[in-house]
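Colleague: here are the coordinates; sequence isn't available:
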């Protein structure tokens, strides 16, 4: 089976792809440019067309065309594959996604329907009845025509079957249209448009494909019906991981190394209208761990906007707990003026920028809320205030940061550091009991010094990366796995051995099964580029991998021998001669094994 990854690679020239992002200049056998991953004036970024690799001598970035797209677009491996497949005109096969050809065809139809629907709504806004009913409202909110078009805003005309009739004329039946959420079927089996007489906000995925809609009622109908209606959960639209505006904001987020998270779609558009482009909103739901993990592909610096009312504070606290769990550097803004970010952007864009730039750390904000909420002059009130804050502190994973915040909290509430530390420790213990996370550690590894453990980790990583970079090495190790023993018990190596045959020893299919493996893919491609640069003759990846395995085996055997000798001494001290004999046999067997391996 020729996997999707190899097919896409074979039909993709890295020079063409990189050339879409930077201006490449021919230099000998390669191409040069200023690196897109760090600031520089003298080009140190090289693209090797023959080997299909890139490498920056300034910052060390390097890899293949997939790792380039993953890095510059901040995409996961699956998303990078889809993007490159589209550019190369490759239709992805069943093996990669694990879903049927029928399912893939259906998804393509859903994307096509949603794209056509978006264009329909856009046309209705600019040249249909929306030009009189909806466009003036958007302009009155301070939005320029340019930003309205950028976010592809539209208008759903007043009527029961405008979209349905339009899509049916395009050749789609009601069954597939229903799966996009744009029409509804009632109890009697009749179908009709979900969105009617509303301003339409297309919701896109990170690649810019429409996956759903948010709709806003026109101002004159505000009191008669729900202000906002969203697309329901569909095959493409899952609100727990949808970020409105991410397709426009991702590059700005990366460049600024920060993201501003606001509450509404209009806030995102108004911020962009004010040249604040690193802004997104969660779509029709509270912030989730999925939202945070997607954003952390781009930055770990978050600024969250919330209303300062009771509901806003509750939402802010919930989001802060999630962010701190994910090791996010968190700032927070609570608006007390009864206006949202869109209102401020319309009236005074510079004020909005100042509010964002002067945002306070979230912990400082909650210390202030605690002081305003509880009577800290009274013992019980002080206890409540401190517990309000210490729950947040207990979710800070970095020991240094947590200790610093404990110190600041103690000072803020005029109590001893020791007492706040006790409260935080108690909260941490409660989390541990609830999550019940137990890490099993190999007994032999417990005997290693920190330096030895670091060395073993480097060796294991080298073995993993060699197998991931070179499929023939991966297959060779798998076929000879019986002779390598415990070295293959390392977690990632075990996964490679277990899944190798099913993946046809394809790194792309292995990575696609678990997004946590994406960072390993980048590392493997960078290692391969460095390896082949150092070995102009191509080197011998199999021989070098066996060397790494031999070193790891030697270290493990050394630990085993030390452990067995310690147990023999203990048995001798206890007069347990039977145990001594058994241990001596194990020592002899291990010694013979070491001799055989040398």
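Modeller: Perfect, I can see it now. Here the structure is a predicted model, which is why all the values come from computation and not from measurement.
Colleague: now for residue 586: which residues touch it?
Modeller: residue 564 (Cβ atoms under 8 Å, 6 or more residues apart in numbering). For every residue, glycine as well, the C-beta is placed using N, CA and C.
Colleague: and what about it, helix, strand or coil?
Modeller: Secondary structure assignment for residue 586 (DSSP: H, G, I helix; E, B strand; the rest coil): helix.
Colleague: quick check, pLDDT for the nearest residue to residue 334 once chain neighbours are set aside.
Modeller: Leaving aside its sequence neighbours, residue 334 sits nearest to residue 308 (Cβ to Cβ, 6 or more residues apart in numbering; 4.0 Å). Listed pLDDT for residue 308 reads 80.
Colleague: after the helix or strand hosting residue 255, which helix or strand is next?
Modeller: Per DSSP states H and E, residue 255 falls inside helix 246-256. Counting by DSSP H and E, the next helix or strand C-terminal to helix 246-256 is strand 259-262.
Colleague: the next helix-or-strand element following that next one versus helix 246-256: what angle between them?
Modeller: Using DSSP H and E, the helix or strand that follows strand 259-262 towards the C-terminus is helix 265-273. Orientation note: helix 265-273 sits at an angle of 50 degrees relative to helix 246-256 (axes from the mean of the first three to the mean of the last three Cα atoms, to 10 degrees).
Colleague: output the contacting helices and strands for the very next helix or strand once past helix 265-273.
Modeller: Next along the chain after helix 265-273, taking DSSP H and E as the criterion, comes strand 279-282. Packing contacts for strand 279-282, counted by 3 or more Cβ pairs under 8 Å, 6 or more residues apart in numbering; DSSP states H and E, involve strand 243-244, helix 246-256, strand 259-262, helix 265-273.
Colleague: check the offset of the last one from the chain's centre.
Modeller: Read it as helix 265-273. Centre-to-centre, helix 265-273 and its host chain are 23 Å apart (Cα atoms, centre = their mean, to the nearest Å).
Colleague: ok, residue 48 - how many residues close by?
Modeller: As a burial measure, residue 48 scores 18 neighbours (other Cβ atoms under 10 Å).
Colleague: which non-adjacent residue is nearest it?
Modeller: residue 30 (4.9 Å).
Colleague: residues near that neighbour, how many?
Modeller: Residue 30: 18 neighbours (other Cβ under 10 Å).
Colleague: cool, residue 180 as well?
Modeller: 28.
Colleague: would you list the phi and psi of the closest residue to it other than its chain neighbours?
Modeller: Sequence neighbours aside, residue 113 is the residue nearest to residue 180 in space, at 5.1 Å (criterion: Cβ to Cβ, 6+ apart). Note on residue 113: its backbone torsions stand at phi -60, psi -50 [degrees, to the nearest 10].
Colleague: what does residue 409 give?
Modeller: phi -60, psi -40.
Colleague: how close does it sit to residue 383?
Modeller: According to Cβ to Cβ, to the nearest Å, residue 409 stands 13 Å off from residue 383.
Colleague: name the residue in these two with the higher neighbour count.
Modeller: It is residue 409, of residue 409 and residue 383, that has more neighbours when counted by other Cβ under 10 Å, with 26 against 16.
Colleague: and the nearest residue to residue 484 once chain neighbours are set aside, how many neighbours?
Modeller: Closest residue to residue 484 apart from its sequence neighbours, by Cβ to Cβ, 6+ apart: residue 549 at 5.6 Å. When counting by other Cβ under 10 Å, one arrives at 24 neighbours for residue 549.
Colleague: with residue 511 as the reference, measure out to the closest residue to residue 471 other than its chain neighbours.
Modeller: Nearest in space to residue 471, with sequence neighbours left out and distances taken as Cβ to Cβ, 6+ apart, is residue 505 at 4.4 Å. For residue 505, the distance to residue 511 equals 13 Å [Cβ to Cβ].
Colleague: for residue 330, same thing?
Modeller: Using Cβ to Cβ, we find residue 330 at a distance of 30 Å from residue 511.
Colleague: kindly report the same for residue 265.
Modeller: 33 Å.
Colleague: quick one: mean pLDDT for the helix holding residue 255?
Modeller: Mean predicted lDDT for helix 246-256 stands at 89.
Colleague: which of the residues in that helix are buried?
Modeller: Neighbour-count burial for helix 246-256 flags 246, 247, 248, 249, 250, 252, 253, 254, 256 (criterion: 16 or more other Cβ atoms under 10 Å).
Colleague: pick the one among the residues you listed closest to residue 486.
Modeller: Sorting the buried residues of helix 246-256 by distance to residue 486 puts residue 254 at the head of the list, at 41.6 Å, by Cβ to Cβ.
Colleague: pLDDT wise, what is the residue nearest to that closest one when sequence neighbours are not counted at?
Modeller: Nearest non-adjacent residue to residue 254, counting by Cβ to Cβ, 6+ apart: residue 298, 5.0 Å away. Per-residue pLDDT puts residue 298 at 83.
Colleague: what about residue 298, which SS state?
Modeller: Taking three-state DSSP, the label given to residue 298 is coil.
Colleague: ok, now how distant is it from residue 403?
Modeller: Per Cβ to Cβ, residue 298 is found 29 Å from residue 403.
Colleague: higher neighbour count, those two?
Modeller: Neighbours per residue (other Cβ under 10 Å) separate residue 298 from residue 403, with residue 298 holding more: 23 against 15.
Colleague: that one contacts residue 74, correct?
Modeller: Yes. Residue 298 is within contact range of residue 74, at 5.0 Å (criterion: Cβ atoms under 8 Å).
Colleague: quick one, domains of this protein?
Modeller: Domain ranges of the chain: 4-97, 101-237, 253-358, 369-435, 443-597, per automatic domain parsing.
Colleague: quick one: which of those domains has the weakest pLDDT on average?
Modeller: Across these, the lowest-scoring stretch is domain 443-597, with a mean of 80.
Colleague: ok now it, how far from the chain's centre?
Modeller: 29 Å.
Colleague: tell me the secondary structure of residue 21, please.
Modeller: Residue 21 ends up coil, using three-state DSSP.
Colleague: center of this structure - which residue?
Modeller: By Cα atoms, centre = their mean, the mean C-alpha position of the chain lies nearest to residue 294, the distance being 3.2 Å.
Colleague: doesn't it belong to a strand?
Modeller: No. Counting by three-state DSSP, residue 294 is not found in a strand; it is helix.
Colleague: could we number from 32 for the rest of this?
Modeller: Yes, from this point I'll number from 32; that puts the last item at residue 325.
Colleague: from residue 222, how far out is it?
Modeller: For residue 325, the distance to residue 222 - Cβ to Cβ - is 33 Å.
Colleague: likewise residue 110?
Modeller: In terms of Cβ to Cβ, residue 110 sits 33 Å off from residue 222.
Colleague: looking at the two, which one has more neighbours?
Modeller: Each of residue 110 and residue 222 has its neighbours counted (other Cβ under 10 Å); residue 110 has more, 19 against 16.
Colleague: contacting residues for the residue nearest to residue 365?
Modeller: 365, 366, 367.
Colleague: same thing with residue 352?
Modeller: 422, 423, 426.
Colleague: now with 10 Å?
Modeller: Listed by Cβ atoms under 10 Å, 6 or more residues apart in numbering, the contact set of residue 352 reads 393, 422, 423, 425, 426.
Colleague: could you confirm it falls within a strand?
Modeller: No. Read with three-state DSSP, residue 352 is helix and lies in no strand.
Colleague: how close does it get to residue 420?
Modeller: 12 Å.
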